[in-house]
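>>> Just a sequence and a predicted model for now, questions to come.
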Amino acid sequence: GGFIGSILGGWMLDNWRGHVPFTCSVILASCGAALIPMASSIHQILGSFFLMDFGLGTLICYGNTLCTWANYSNPAPAINILNGGFGAGA
């Protein structure tokens, strides 16, 4: 899910402007996370994790790109902090 979300997120970033795809990815990831405790079969759990990872893949793609655009002159420290936060959360 995360791999497909990253690919789709990169495509949306190139073709769409604004915060709508970013917002939709947050909603998808939140819905997937909320559905995990309510799952009653392995297929529902896998579908919930796929939905959550799809949203997070898009969110990570957007987060890295927006962080780079916001710190155009020297993006490396900001990207390291952002991805360090992702790693700490994992």
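Perfect, thanks for sending it.
>>> remind me which residues of this structure are low pLDDT?
Within the chain, the ranges that satisfy pLDDT under 70 run 90.
>>> report the longest helix in it, please.
Criterion DSSP state H: the longest helix present in the chain is helix 42-70.
>>> Now do that helix: which elements does it pack against?
For helix 42-70, the packing partners by 3 or more C-beta pairs under 8 Å, 6 or more residues apart in numbering; DSSP states H and E come out as helix 2-15, helix 20-35, helix 76-89. All C-beta atoms are positioned from the backbone trio N, CA, C, and that covers glycine.
>>> That helix versus helix 20-35: what angle between them?
Interaxial angle, helix 42-70 versus helix 20-35 (axes from the mean of the first three to the mean of the last three C-alpha atoms, to 10 degrees): 150 degrees.
>>> Buried residues, helix 42-70. List them.
For helix 42-70, a neighbour-count test (16 or more other C-beta atoms under 10 Å) marks 47-49, 51-65, 67 as buried.
>>> Run through who's touching stretch 43-50.
G1, G32, A33, L35, I36, M38, A39 (C-beta atoms under 8 Å, 6 or more residues apart in numbering).
>>> give me that answer again for 7 Å
The contact list for stretch 43-50 (C-beta atoms under 7 Å, 6 or more residues apart in numbering) reads G1, G32, L35, I36, A39.
>>> Count the neighbours of the nearest residue to P77 once chain neighbours are set aside for me.
Nearest-residue entry for P77: N71, 7.6 Å, with adjacent residues in sequence omitted and distances by C-beta to C-beta, 6 or more residues apart in numbering. Using other C-beta atoms under 10 Å, N71 has 13 other residues around it.
>>> quick one: N71 from T58, how far?
Using C-beta to C-beta, to the nearest Å, we find N71 at a distance of 21 Å from T58.
>>> repeat for H43
The value you get for H43 to T58, if C-beta to C-beta is used, is 23 Å.
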